[in-house]
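Trainee: model this:
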Amino acid sequence: MSRHSHHFENQLETLRKMLLSIGALAEQSVDKSLKSISERDFDLAMEVIKSDERIDQAEVELEEECLKTLALYQPVAIDLRLIVAILKMNNDLERIADMAVNLAERSIDLQKHGKFELPAVFKDMAKKALWMLKASLDTFVGQDSKLAREICATDEDVDDGLKEMYKIVQEEIRKNPDDIQKMLFVLSASRYLERIADLATNIAEDVVYIVEGNIIRHRTEIDKPSSKE
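Mentor: Have a look, this model is predicted:
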């Protein structure tokens with residue numbers, strides 16, 4: 001029972017709070033970067049770029065805290081799963097923040113090309129990727145493996161959106177060759193959205209691992225919620 005001491009439980013709660021703090025920062029960065037694209041807001045894009053160092057530092061601090069906890073308490077079973085999953089999620093959230101910086105940089109690039117309407121597919125990808133990120137953090141808080149599997153299923157929609165964006169960009173460049181640079185920036189931003197969705201899916205898969213002890217990564221046949229219930 002010593003492993004489940006009050007101090008150990010407090011330490012686990014500290015790890016959870018640190019992860020959710022990083023998650024909130026990453027979500028905020030993605031949201032700001034997307035607004036900077038849609039609203040042509042240079043200052044908002046710069047806020048995202050400048051905030052990245054803070055997220056990088058927080059990621060390092062959480063990793064060190066996880067490793068210290070593993071060494072000090074030598075947890076097993078679900079506690080070990082939790083800490084291992086937090087380590088992985090921590091890394092994925094830092095990479096999501098990096099993708100937000102990339103989106104902010106594309107926003108700045110796009111602002112040099114004047115006003116234009118973003119493709120509806122891009123807007124849909126942005127909406128879904130942001131939902132997936134927020135929902136993945138909600139699944140961690142609520143230990144909700146059912147919602148986690150719904151996130152995994154949504155990733156296919158974002159993948160399809162990227163494929164559609166390739167077609168849209170090709171067609172637009174064919175019609176308006178002078179817009180090639182602008183459309184390539186839009187396509188680049190679409191690829192970052194697809195990566196954010198992938199990383200949010202990783203987090204959702206890790207929640208399933210925490211709750212059920214099942215590793216579902218690369219096993220698409222069980223990524224979707226069961227319809228037999």
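Trainee: rest of the way, CA atoms for contacts and neighbours
Mentor: Will do.
Trainee: pLDDT weak spots in this structure?
Mentor: 1-4, 218-229 (pLDDT under 70).
Trainee: may I see the buried residues of whichever strand or helix holds Glu105?
Mentor: Applying DSSP states H and E as the criterion places Glu105 in helix 77-111. For helix 77-111, the neighbour count (16 or more other C-alpha atoms under 10 Å) marks 79-87, 89-111 as buried.
Trainee: then stretch 181-194?
Mentor: Result for stretch 181-194 [16+ other C-alpha under 10 Å]: buried residues 182-194.
Trainee: looking at the residues you listed, spot the one nearest Glu59.
Mentor: Tyr192 (20.2 Å; C-alpha to C-alpha).
Trainee: that closest one against Val101, yeah?
Mentor: No. Using C-alpha atoms under 8 Å as the test, Tyr192 is too far from Val101 to be in contact (9.7 Å).
Trainee: and the strands in this structure?
Mentor: Using DSSP state E, no strands are found in the chain.
Trainee: quick one, phi/psi of Ile215?
Mentor: Per-residue torsions, Ile215: phi -100, psi 110 (degrees, to the nearest 10).
Trainee: just the helices in the protein please.
Mentor: 6-39, 42-73, 77-111, 120-142, 145-175, 180-212 (DSSP state H).
Trainee: of those, which stretch is the most buried?
Mentor: helix 180-212 (a mean of 23; mean count of other C-alpha atoms under 10 Å).
Trainee: separation between the nearest residue to Met125 once chain neighbours are set aside and Val30?
Mentor: Spatial nearest neighbour of Met125, excluding adjacent residues (C-alpha to C-alpha, 6 or more residues apart in numbering): Val158 at 5.6 Å. When distance is defined by C-alpha to C-alpha, to the nearest Å, Val158 is 16 Å away from Val30.
Trainee: and what of Leu93?
Mentor: Distance from Leu93 to Val30, by C-alpha to C-alpha: 11 Å.
Trainee: over to Ala120?
Mentor: With C-alpha to C-alpha as the criterion, Ala120 and Val30 are 18 Å apart.
Trainee: kindly report the same for Thr154.
Mentor: According to C-alpha to C-alpha, Thr154 stands 18 Å off from Val30.
Trainee: same question for Ala45.
Mentor: Ala45 is 10 Å from Val30, by C-alpha to C-alpha.
Trainee: now Asp178
Mentor: Per C-alpha to C-alpha, Asp178 is found 29 Å from Val30.
Trainee: list the contacts for Leu162?
Mentor: 125, 190-191, 194 (C-alpha atoms under 8 Å, 6 or more residues apart in numbering).
Trainee: greatest separation within these: which pair is it?
Mentor: Met125 and Arg191 (9.9 Å).
Trainee: wait, what's in contact with the nearest residue to Ala126 once chain neighbours are set aside?
Mentor: The spatial neighbour of Ala126 that comes closest, neighbours along the chain excluded (C-alpha to C-alpha, 6+ apart), is Leu193 at 6.4 Å. Leu193 makes contact with 99, 125-126, 129 under the criterion C-alpha under 8 Å, 6+ apart.
Trainee: could I get the residues you listed as a markdown table with distance to Ile168?
Mentor: Formatted as a markdown table, these follow (distance: C-alpha to C-alpha, whole Å):
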| residue | distance to Ile168 |
| --- | --- |
| Met99 | 22 |
| Met125 | 14 |
| Ala126 | 16 |
| Ala129 | 19 |
